[in-house]
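Enquirer: Structural data only, the sequence is not supplied:
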């Protein structure tokens, strides 16, 4: 059991020479925030919400910064486009079950010289028209059902043609089912199953990006806090140097101090003014980094000063290392992503194992046909169709009716077998898929070791950061006491301006070290929750995927 209890005691005050008391609570803000829902749904970027402005200063809480970033950050906007495409690919793969419809029509007219007296005309002239349509449907076990309906009309000038014109209609029902290779729901739906796994992987990827965005905003927020505190340290150090210089000037005027002491104090002022310039630039850079993550609209928002107003507090916490590792192995999005990757590889392994089987297809068919048209009675003398004696004057609709009666029908059943004797391609693809699956499983083992190592390191870093804060606080308090003692020595003529300025620099460095230690602790705490995969849970953030 690792116990991390950072010292939350406020530093002792030494009047105007010390940092403001807010440093006493600059450890970390409570990670739990109001519930924030983040959707993968593609949507317009919302307008910049109203924010608390005082003059040209934007007062910003950490929770507000996170919420704005999760809705407006361009990285997340781009990721939503990718996820929307992933959803469409899943729909695309489901299209294998779409009902297929086909239709064709044609017409022709021909004339050819007679080659026999049985042609019925010296020049046989004929016209024909066809209209055919069909349906096909894939079944979940790999079979294909089909219906085709063929219709035609033909007419010619042959005296022997009867009926003339004639109409024919034929329908065929067919079903082909693979019995070995390609049989089964998993083989049929391989593309759909892979697309679903890709969608789930995309959701985990989106969650990872949300976590990374949260981490970046958090770090940028506290980097701005650090930069502002460093600027405050520099300003206070400058004030101390100016106060020392003013005291030196008075003592030089009354003759109790050598004039060269003024040179020392002036050099100290110049040095601290340079520190302020550098720290002002650092504040500007930190503000711009936060503005970019929040995707604030170009314009006045980029000219506002940003004042972080969240005051972190220190919570007592206990860390059970073994429980933390177990939590990480069950909660980390990377683990879920690798599990999905292994599931995809298992789908491929089963599919390519099936592809090594011979091809054996069962084919079933049933159909009926009918012919109708203008039917003439034969001439009793010549035997040829008598155009003046019409027995039936049918049309295409009569042919439709006749074929549905199934007076002329038939069925068929068959088996088709094929198999390459060496079958090297299928065997190689199956071996490749099996090797990829084994590699994925080894990758999972390596990932689990990596996560365990990261959790252990994160715990150590949190412990070390807490101790660093305590050490930095102790050093700063010691430097405050040292400065107070040196000031008294200087006033009694037992020290020089150089020595006082040196100790002032030491105090400023100790104050800066304390600020860095505090913000470092904050970052290490975030990294700890990242290593566990519970940062979103700690912040009350939920990633949702719209139904449909």
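Expert: Sure, I can see it. Predicted, not measured: the structure shown is a model, and the values here were computed from it. Numbers count the residues shown, from 1 in each chain.

Enquirer: What segments of the stretch 301-450 of the chain are helices?
Expert: 321-331, 333-354, 396-405, 424-491 (DSSP state H, counting those that start in this stretch).

Enquirer: Now tabulate those helices in CSV and tack on mean pLDDT, distance to residue 70 and mean neighbour count.
Expert: (C-beta placed from N, C-alpha, C; glycine too.) As requested, the helices of the stretch 301-450 of the chain are exported to CSV (pLDDT from 0 to 100; distance: least, C-beta to C-beta, whole Å; neighbours: other C-beta atoms under 10 Å):
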stretch, mean pLDDT, distance to residue 70, mean neighbour count
helix 321-331, 90, 19, 15
helix 333-354, 95, 16, 19
helix 396-405, 84, 63, 16
helix 424-491, 89, 23, 16
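
Enquirer: can you tell me which of those helices comes nearest to residue 196?
Expert: Residue 196 sits nearest to helix 333-354 of all these, at 9.5 Å, using C-beta to C-beta.

Enquirer: Okay, angle between the closest one and helix 321-331 too, please.
Expert: Orientation check (axes from the mean of the first three to the mean of the last three C-alpha atoms, to 10 degrees): helix 333-354 against helix 321-331 gives 50 degrees.

Enquirer: So what touches helix 333-354?
Expert: 181-184, 186-187, 190, 193-194, 197-198, 200-201, 204-205, 207-208, 211, 329, 426, 429-430, 432-434, 436-437, 440-441, 443-444, 447-448, 451, 533 (C-beta atoms under 8 Å, 6 or more residues apart in numbering).

Enquirer: follow-up on the earlier one: quick one: closest of the helices of the stretch 301-450 of the chain to residue 80.
Expert: helix 333-354 (16.9 Å).

Enquirer: Any idea how far the closest one is from the middle of the chain?
Expert: 19 Å (C-alpha atoms, centre = their mean, to the nearest Å).

Enquirer: and it with helix 424-491, angle?
Expert: Per the same axes, to 10 degrees, the angle that helix 333-354 makes with helix 424-491 is 170 degrees.

Enquirer: Of the helices of the stretch 301-450 of the chain, which is nearest residue 175?
Expert: Judging the helices of the stretch 301-450 of the chain by C-beta to C-beta, what sits closest to residue 175 is helix 396-405, at 19.6 Å.

Enquirer: which residues are in contact with the closest one?
Expert: Around helix 396-405, the neighbours that count as contacts under C-beta under 8 Å, 6+ apart are 151, 153, 167-171, 368-373.

Enquirer: hmm, 6 Å instead?
Expert: Helix 396-405 is contacted by residues 167, 169, 368, 370, 372 when judged by C-beta atoms under 6 Å, 6 or more residues apart in numbering.

Enquirer: ok, now how distant is the second one from residue 421?
Expert: Translated: residue 169. 45 Å (C-beta to C-beta, to the nearest Å).

Enquirer: for residue 369, same thing?
Expert: Distance of residue 369 to residue 421, given as C-beta to C-beta: 41 Å.

Enquirer: got it, and residue 331?
Expert: Per C-beta to C-beta, residue 331 is found 52 Å from residue 421.

Enquirer: what does residue 344 give?
Expert: Residue 344 is 32 Å from residue 421, by C-beta to C-beta.

Enquirer: Same question for residue 59.
Expert: Taken as C-beta to C-beta, the spacing of residue 59 relative to residue 421 amounts to 79 Å.
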